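Trainee: with the sequence up front, the predicted model follows.
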Amino acid sequence: MARLENKVVLLSGGASGIGAETARLVVREGGKAVLADRDEAKGTALARELGPSALFVPVDVTEEATWQKAVATTVEAFGALHGLVNAAGIGVRNTIEDCSLEDYRRVNDINSLGTFLGCKSAFAAMKAAGGGSIVNISSVLGLRGSSAAMAYCASKGAVRSLTKYVALYGASSNVRCNSVHPGYIDTPMIAPRLDQAAGNRTFREYLEDLHPLGRLGRPDEVANMILFLLTDESTFSTGSEFVCDGGLTA
Amino acid sequence: MELSGQVAIVTGGASGIGAATATLLHDAGATVIVTDIDLAKDPPGRFVTHDVASEASWQALLADVLKTAGRLDILINNAGISGGPGTLESTTVETWQKVNAINSEGVFLGCKYAIEGMKQTGPDKSASKGSIVNVSSVAALIGSAGPVAYTASKGAVRLLTKSVAMHCAEQKYAIRCNSVHPGGVDTAIFNILWQTMGHEQGKAYVGGAHPIGRMAESEELGELLLWLASERSSFVTGAEFVADGGITTGLSRRRVIGAP
């Protein structure tokens, strides 16, 4: 039996990377995937590929009105909302000394405010559906500090703590909320930097070496963890941290 | 005295944990600059009006401190607001931004400018030395200890602290950075509750959520902050220090206030 039969899932960042891979799994498992993304070209192309069980909605995660419209469109098209995946995010390299206030705010707005607005906008519809599952994509950098990703660390730390708040807030409405903490995954977020030099090797080699498994993660490996959290296989899990990092934080 | 010759900035120093810490730092021999957006009564050092959310205000403060005191050794990033009783569904973007501007961006700016100041203290970067203590909250650790925007902002401080600690270590600056996670402390951050329940009754109510059955006094946090500020904690960096009367320790029935 399909694991997400007739379940409707809204995914921010659904047009690429982890969000897109999760959308594929949602549809494969009998669910409906609503791709919420800024990238209309990629989003509509993926929705077309996935067929009638998928839909693209334009969303800027930092704009509450676009979230509200996305939730309304989702319920209108598929009748309900059961799952939310907050996968939209940006990765910016900066240290405490070279990060501007503007950059700090931009990273936190997209990663942290964006996740808050997703949870806030989807909550009533999920409650109305009798409950649901929210999966917030944090990072291993929501668990450990990296000198080279200061603003990103802060934003993912915010998502980690926010998730526990939402879990307790939603508990009496049967809305679960968990955070996923991927290691370095081979997605468009880090792809442009992989061939750059890092000392006497490439950045890819440097990142691979951080993971005891000796490689980067694949989007589908994270998507499988998210899928588990979206399904009724994980109904007693809420407010928890799910790590998918090739052993990086071990 | 232990901190003789050292210069400390304490933000949010006009009251609560900041005021208590400023007094303890002063009593340990440090020259303390007390900053706040509200005027401080009888501060244990020079008072400077300071808005932690304003980069220009941090720049002016650092220039002032380096000019008048000549160095910077300690920064206590203590200023913070609760933002009022907002839930997931009732909190506006405006409130979110205001709380994060003070609690998260304020700490970011504090760390950034403190490092700049601490680097100028010695003749070269290997002589840069100092301790930054960021006041986070148990709200960063558990999901029911504060409003939603506050919770997220304190989660940001928790991880920002680790990034700063790693950066300073990698750059070979002798600058440490740690986070402190207080439980309920009897300070003005609970003013709304004091107004609705009365101070003593409110204190008993919040205190009752803590296994040791009471709220903390600001001085009890000040002692921890003093220890982290001093060289007694010289091998400590990037770590989380909980002083919460046991609230994150055991099992208890926890609910978010205002949850449906």
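Mentor: Nice, thanks for sending it over.

Trainee: for beta bridges, what are the partners of the nearest residue to A:Y206 once chain neighbours are set aside?
Mentor: Excluding the flanking residues, the one nearest A:Y206 by Cβ to Cβ, 6 or more residues apart in numbering or on different chains is A:A198, at 4.1 Å. C-betas here are computed from N, CA, C, even on glycine. In this structure, A:A198 has the following beta-bridge partners (DSSP bridges): A:R201.

Trainee: tell me, how many residues neighbour A:A198?
Mentor: Counted with other Cβ atoms under 10 Å in any protein chain shown, residues neighbouring A:A198 total 14.

Trainee: what segments of chain A are strands?
Mentor: Counting by DSSP state E, chain A has strands at residues A:8-12, A:32-37, A:54-58, A:83-86, A:132-137, A:175-182, A:197-198, A:201-202, A:241-244.

Trainee: is the fifth one anywhere near chain B?
Mentor: When you say that, I think you mean strand A:132-137. No: judged by Cβ under 8 Å from any Cβ of the partner chain, strand A:132-137 stays clear of chain B, getting no closer than 10.3 Å.

Trainee: can you give me the buried ones in the helix or strand containing B:I17?
Mentor: When elements are assigned from DSSP states H and E, B:I17 belongs to helix B:16-27. Of the residues in helix B:16-27, those buried by neighbour count under the rule 16 or more other Cβ atoms under 10 Å in any protein chain shown are B:G16, B:I17, B:G18, B:A19, B:A20, B:T21, B:A22, B:T23, B:L24, B:L25, B:H26.

Trainee: again, but for stretch A:55-75
Mentor: By neighbour count on 16+ other Cβ under 10 Å, the buried set for stretch A:55-75 is A:55-62, A:64, A:66-67, A:69-71, A:73-75.

Trainee: from those residues, list the ones also adjacent to chain B.
Mentor: With Cβ under 8 Å from any Cβ as the criterion, the members of these in contact with chain B are A:E64.

Trainee: nearest to chain A among the buried residues of helix B:16-27?
Mentor: Minimum distance to chain A across those is 19.7 Å, recorded for B:I17 (Cβ to the nearest Cβ).

Trainee: doesn't B:V185 make contact with the closest one?
Mentor: Yes: with contacts defined as Cβ atoms under 8 Å, B:I17 counts as touching B:V185 at a distance of 6.0 Å.

Trainee: give me the common contacts of the two.
Mentor: B:S218, B:L221 (Cβ atoms under 8 Å, 6 or more residues apart in numbering or on different chains).

Trainee: what's downstream of the longest helix along chain B, the next helix or strand?
Mentor: Of all segments of type helix in chain B, defined using DSSP state H, the longest is helix B:148-170. Next in sequence after helix B:148-170, counting helices and strands by DSSP H and E, comes strand B:174-182.

Trainee: from the contact counts, what lies against that following strand?
Mentor: Packing partners of strand B:174-182 (3 or more Cβ pairs under 8 Å, 6 or more residues apart in numbering or on different chains; DSSP states H and E): helix B:106-119, strand B:129-135, helix B:148-170, helix B:218-229, strand B:240-243.

Trainee: list the helices and strands the following helix or strand past it packs on?
Mentor: Following the chain from strand B:174-182 toward its C-terminal end, the next helix or strand by DSSP H and E is helix B:191-197. Contacts of helix B:191-197 with other secondary structure elements, assessed using 3+ Cβ pairs under 8 Å, 6+ apart, are made with helix B:199-207.

Trainee: in the helix it packs on, what counts as buried?
Mentor: Taking 16+ other Cβ under 10 Å as the basis for neighbour counts, the residues of helix B:199-207 that come out buried are B:G202, B:K203, B:V206, B:G207.
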